[in-house]
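In: The following comprises the amino acid sequence and a computationally predicted model.
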Amino acid sequence: MKKNGIKIFTVLLIAGAIAGTLMMGCADKAAQNAAANDTTVESASAENASSAVLGVSKQPEAEIPAAPYFMKGVYVNYAKEAENPAKTYFYVFNDETYGHTEDGEHDGIGLPFEITQNDGSASFTFGGATEPAEVFTVSSCKDGIITGSFDDGIELVFELVEGQDPETFSSENYVNGPENSVYHDANGWSVKYDATKFEINQSGPQVFIVYTGDCAGSNLITVTYTVDNKAEAAIKELGKAYGDKAEYTEWPFPGVSDVTGYNVSVPVDKEGSGSYMTAFARDYMDGALIFETDGHDGNDEEMNTEVHAALTGVLNSLTFDFE
């Protein structure tokens, strides 16, 4: 109502100015122009005043850049309206066309996806090419933060996680922190470890769990899956190089008490390098799974104890997905 009143008032002012001009007949042309300019300014001011009264702030709409929006990297996903979101669900993009999701609170489980990026939207296919596409409509994209929604209308945020390599990213370890890291092997076994003290590398059928803390020499666990032998034969083959120093035993395998473990150990070389070896194996799938520890003790007993405890802690955390 206030906006309409101001406009009527403005019209009356214009009408009055015109009437005055007709009566004067010979009024100066410059005076007419000045009156018209004043009227235009007053009209614009009235329009702005009306917007202020109604609580309307005229802002230009944000321009959405052209595709692609998602680049190679890791994005944490959460609802925009959530207060203090947990930030435990991730989209891992191996490149601009495919990737997978990971749930950091549930062992990193997720789904593979393919993505087609168009101006203003991104079409996701989760689980396989035969699944229906789900369209994500982009409402904003700036500084590594993409906002938009799928067909359900819930506004979501995709926020780029800086410094994370999609090839090595683990949502489980990212959420839990380095001290509570977990390694999941493709052959169905897992161990827990402290990533501030261990580094894990894989090469073919072998996994190397290397102790990186303070120690007298190299200390590592080598895990090997082989189809060349069963467990007992693999342990005897491993102990041959040590001759009479090798000691063989049998006891339940870690993580599965109803499975026999075959073991060989070589005591610490106290007269020389301080090296020692212990290994245990079990029959597994079509062959044997072997965990071999190669370590070195030094003169610092406290340090030796800490290293032994760390290595033993990894082995005692062993679990199997297929059992």
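Out: Nice, I can see it. Source: prediction; values computed, not measured. Numbers count the residues shown, from 1 in each chain.
In: can you give me the helices in this structure?
Out: Applying DSSP state H to the chain gives helices spanning 2-24, 29-54, 171-176, 231-239, 301-316.
In: Average pLDDT for the shortest one, rounded please.
Out: Averaged over helix 171-176, pLDDT sits at 96.
In: Give me the residues contacting that helix.
Out: 88-90, 92, 102-105, 107-108, 110, 161, 164, 180-182, 195 (Cβ atoms under 8 Å, 6 or more residues apart in numbering). Heads up, the C-betas are built off the backbone N, CA and C, glycines and all.
In: Send me it as PDB with only the CA atoms.
Out: The C-alpha trace of helix 171-176 is given here as PDB (Å, rounded to 0.1, in the frame of the first residue of the first chain):
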ATOM      1  CA  SER A 171      37.500 -42.500   5.100                       C
ATOM      2  CA  GLU A 172      37.700 -44.800   8.100                       C
ATOM      3  CA  ASN A 173      41.200 -43.700   9.000                       C
ATOM      4  CA  TYR A 174      40.400 -40.100   8.200                       C
ATOM      5  CA  VAL A 175      37.500 -40.100  10.600                       C
ATOM      6  CA  ASN A 176      39.100 -42.200  13.400                       C
END
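In: Mind listing residues that contact stretch 111-120?
Out: 64, 66-70, 91, 93, 96-101, 122-129, 133, 137-138.
In: scratch that, stretch 139-147 is what I was asking about
Out: So stretch 139-147 is in contact with 62, 64-65, 69-70, 75, 80, 138, 148-149, 155-160, 162, going by Cβ under 8 Å, 6+ apart.
In: Can you say which of the residues you listed are buried?
Out: 64, 69-70, 75, 138, 148-149, 156-160 (16 or more other Cβ atoms under 10 Å).
In: re earlier: need the least confident one among the helices of the chain, by mean pLDDT.
Out: helix 2-24 (a mean of 35).
In: For L160, list the residues it contacts.
Out: Shown in contact with L160 (Cβ under 8 Å, 6+ apart): 71, 73-75, 144-145.
In: and G120, how many neighbours does it have?
Out: 15 (other Cβ atoms under 10 Å).
In: and which of the contacts of L160 is nearest A186?
Out: V74 (20.8 Å; Cβ to Cβ).
In: Tell me the spacing between the closest one and D165.
Out: With distances taken as Cβ to Cβ, to the nearest Å, V74 is found 8 Å from D165.
In: For those two, indicate the residue with more neighbours.
Out: The residue with more neighbours, out of V74 and D165, is V74; 21 against 10, by other Cβ under 10 Å.
In: Just grab the bridge partners of Y262 for me.
Out: The bridge-partner assignment for Y262, based on DSSP bridges, gives E250, A281.
In: Pull out the buried residues from stretch 167-182.
Out: 169-176, 181-182.
In: ends of it, how far apart?
Out: 16 Å (Cα to Cα, to the nearest Å).
In: Measure how buried the closest residue to M277 other than its chain neighbours is and give me the count.
Out: Take M277 and drop its neighbours on the chain: the residue closest to it by Cβ to Cβ, 6 or more residues apart in numbering is V266, 4.4 Å away. Around V266 there are 18 other residues, counting by other Cβ under 10 Å.
In: Likewise for R282?
Out: By the criterion of other Cβ under 10 Å, R282 has 23 neighbours.
In: need the contacts of L160 in a markdown table with distance to G272 and pLDDT, can you?
Out: Shown next, in a markdown table, are the contacts of L160 (distance: Cβ to Cβ, whole Å; pLDDT from 0 to 100):
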| residue | distance to G272 | pLDDT |
| --- | --- | --- |
| M71 | 54 | 97 |
| G73 | 49 | 98 |
| V74 | 47 | 98 |
| Y75 | 53 | 98 |
| G144 | 55 | 94 |
| I145 | 59 | 97 |
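In: Any idea how far apart the tips of stretch 289-308 sit?
Out: First-to-last distance for stretch 289-308 - Cα to Cα - comes to 22 Å.
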